[in-house]
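Engineer: any chance you can model this:
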Amino acid sequence: MKFELEHSDPQSAARAGKIHTDHGSIETPIFMPVGTAGTVKAVHQRELKADIKAQIILGNTYHLYLRPGLDVLEQAGGLHQFISWDGPILTDSGGYQIFSLAAQRKLKEEGATFKSHIDGSSHFFSPEGVMDIQRTIGADFIMAFDECTPYPCEKNYAKHSLDLTHKWLDRCIQQFHATDAKYGYQQELLPIVQGSVYPDLRKKSAEYIAGKNCFANAIGGLSVGEPAEDMYAMTELVCDILPKEKPRYLMGVGTPANILECIALGIDMFDCVMPTRNARHGLLFTQYGIINIRNEKWKNDFSPLDESGHTFVDSSYTKAYLRHLLVCNELLAAQIASVHNLGFYLWLVKEARQKIKEGDFLSWKNKMVKQVTQRL
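Structural biologist: Residues are numbered from 1 along each chain as shown. Here you go, the predicted structure:
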């Protein structure tokens, strides 16, 4: 794999680059649709390619390990073959899911014991095991096994958690280099910076992760309830330490405004369930603000979903029609809204990339942050 840093914004830390993988190239900054269990919810793979213009998608180790299971994925030839997706894939290690199962898991230095949310069965994830699982799933980018701390979080807990995450990372790296990719293409391991909202811990973690010289680096443990100002402060601090010649991935972030602000801080890769989850509840993201399509005001509005003219689904779909589908609980509503929201997110990062290349990203970003946060 290779990362090319193509352009840097003269007024911010924003940059445009390109990541080359065996499954194709990714133009950064990029947003990655979340396909937790082998599907981006309510969206066909052909829509991901043709309408949304997705260049990379995510899968989740925890969910795929439980269903369909590693035996099925290995027999299929890996996740790409199983889901008929020929682009790059990144898999989250399952650390966040285990964090969210706080009442059903036990952490110790050896790893994490947890109960399945499906049937209550008990399972154990170790750093070594998670590397082997992700090798079998077959993602292009494999995430290190870490603990995602909650917010708020006592500093002593955050420090202990960080030490555990770093120990687990060393074991992940050792196991990753002791094993081979199963399906004939290159895979890369990404470590994760943790440390909650404590600057000294974030600095310590960023320096530790930078020293591992991995292909790319991730920032985790943000967008878990902390104020946006803390998220931005921690992101800026970490980006100043992580090497500029390697891609930076901010995990689980976020709103369109979050993405724009963090691009300005030097982030290259993003993912979040927000565009699809909000779509299923009738919230649409547009260039001019956020629409709750369930509101009565849209009942007789026969204009396109996005007034800007950037249409990510069939332009004949109107606000009135989508509202009707949602009110009637029609499945098509989730599909149209999800394609629209993801299309908007991918358009937003593509536009940001273009503005970086043209040298006027910062003024455009400041204007767009105001627009996309309005309620329409």
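
Engineer: could you measure residue 204 against residue 210, distance?
Structural biologist: The gap separating residue 204 from residue 210 is 11 Å, by CB to CB, to the nearest Å. (Glycine included, C-beta is placed from N, CA and C.)

Engineer: what's downstream of whatever helix or strand residue 97 lives in, the next helix or strand?
Structural biologist: Following DSSP states H and E, one finds residue 97 within helix 95-100. If you walk from helix 95-100 toward the C-terminus, the next helix or strand you reach (DSSP H and E) is strand 105-108.

Engineer: so what touches that following strand?
Structural biologist: Contact with strand 105-108 is made by 98, 112-115, 147, 164, as judged by CB atoms under 8 Å, 6 or more residues apart in numbering.

Engineer: try stretch 176-189
Structural biologist: Judged by CB under 8 Å, 6+ apart, the contacts made with stretch 176-189 from elsewhere in the structure are 1, 21-23, 74, 77-78, 80-81, 131-132, 134-136, 138-144, 172-173, 214-216.

Engineer: show me where the stretch 101-250 of the chain has its helices.
Structural biologist: Across the stretch 101-250 of the chain, reading from the start of the chain, the helices by DSSP state H, counting those that start in this stretch fall at 127-137, 155-178, 199-210, 228-239.

Engineer: what's the most buried one of the ones you listed?
Structural biologist: The densest packing among the helices of the stretch 101-250 of the chain, expressed as mean neighbour count by mean count of other CB atoms under 10 Å, is seen in helix 127-137 with a mean of 22.

Engineer: can you give me the offset of that helix from its chain's centre?
Structural biologist: Helix 127-137 sits 19 Å away from the centroid of its parent chain (CA atoms, centre = their mean, to the nearest Å).

Engineer: ok, stretch 176-188 next?
Structural biologist: Between the centre of stretch 176-188 and the centre of its chain there are 22 Å (CA atoms, centre = their mean).

Engineer: which non-adjacent residue is nearest residue 255?
Structural biologist: Beyond its immediate neighbours in the sequence, the residue positioned closest to residue 255 (CB to CB, 6 or more residues apart in numbering) is residue 274, lying 6.5 Å away.

Engineer: quick one: mean pLDDT for the helix holding residue 97?
Structural biologist: Taken as a whole, helix 95-100 has a mean pLDDT of 71.

Engineer: pLDDT weak spots in this protein?
Structural biologist: Scanning the chain for pLDDT under 70 picks out the ranges 99-103, 309-311, 314.

Engineer: 90 - rerun?
Structural biologist: Across the chain, the stretches falling below the confidence threshold (pLDDT under 90) are 94-108, 112, 114-117, 147-150, 304-316.

Engineer: tell me how many other residues crowd the residue nearest to residue 9 when sequence neighbours are not counted.
Structural biologist: By the measure of CB to CB, 6+ apart, the closest residue to residue 9 outside its immediate chain neighbours is residue 361, 4.5 Å from it. Burial measure for residue 361: 27 neighbouring residues, criterion other CB atoms under 10 Å.

Engineer: ok, the one 10 residues further on next?
Structural biologist: Other residues near residue 371 number 14, with proximity taken as other CB under 10 Å.

Engineer: tell me which residues touch it, please.
Structural biologist: 287-289.

Engineer: tell me the buried residues within the residues you listed.
Structural biologist: Neighbour counting by 16 or more other CB atoms under 10 Å classes 287, 289 among the contacts of residue 371 as buried.

Engineer: and the next helix or strand past the one helix or strand residue 325 maps to?
Structural biologist: For residue 325, the host element (DSSP H and E) is helix 319-327. Moving toward the C-terminus from helix 319-327, the next helix or strand (DSSP H and E) is helix 331-358.

Engineer: can you give me how far that next one is from the chain middle?
Structural biologist: That offset, for helix 331-358, works out to 14 Å (CA atoms, centre = their mean).

Engineer: pull out the buried residues from it.
Structural biologist: When neighbours are counted by 16+ other CB under 10 Å, the buried residues of helix 331-358 are found to be 333-353, 355-356.

Engineer: and for stretch 9-19?
Structural biologist: For stretch 9-19, the neighbour count (16+ other CB under 10 Å) marks 9, 12-19 as buried.

Engineer: alpha carbons of stretch 6-17, as PDB, please.
Structural biologist: The C-alpha trace of stretch 6-17 is given here as PDB (Å, rounded to 0.1, in the frame of the first residue of the first chain):
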ATOM      1  CA  GLU A   6      -1.000  15.600  -2.900                       C
ATOM      2  CA  HIS A   7      -2.000  19.000  -1.500                       C
ATOM      3  CA  SER A   8      -1.800  20.900   1.800                       C
ATOM      4  CA  ASP A   9      -4.100  23.900   2.600                       C
ATOM      5  CA  PRO A  10      -2.100  27.000   3.200                       C
ATOM      6  CA  GLN A  11      -4.400  28.300   6.000                       C
ATOM      7  CA  SER A  12      -5.100  25.200   7.900                       C
ATOM      8  CA  ALA A  13      -3.800  21.600   8.500                       C
ATOM      9  CA  ALA A  14      -6.200  20.200   5.900                       C
ATOM     10  CA  ARG A  15      -4.700  18.000   3.200                       C
ATOM     11  CA  ALA A  16      -5.700  16.000   0.100                       C
ATOM     12  CA  GLY A  17      -4.100  12.700  -0.600                       C
END
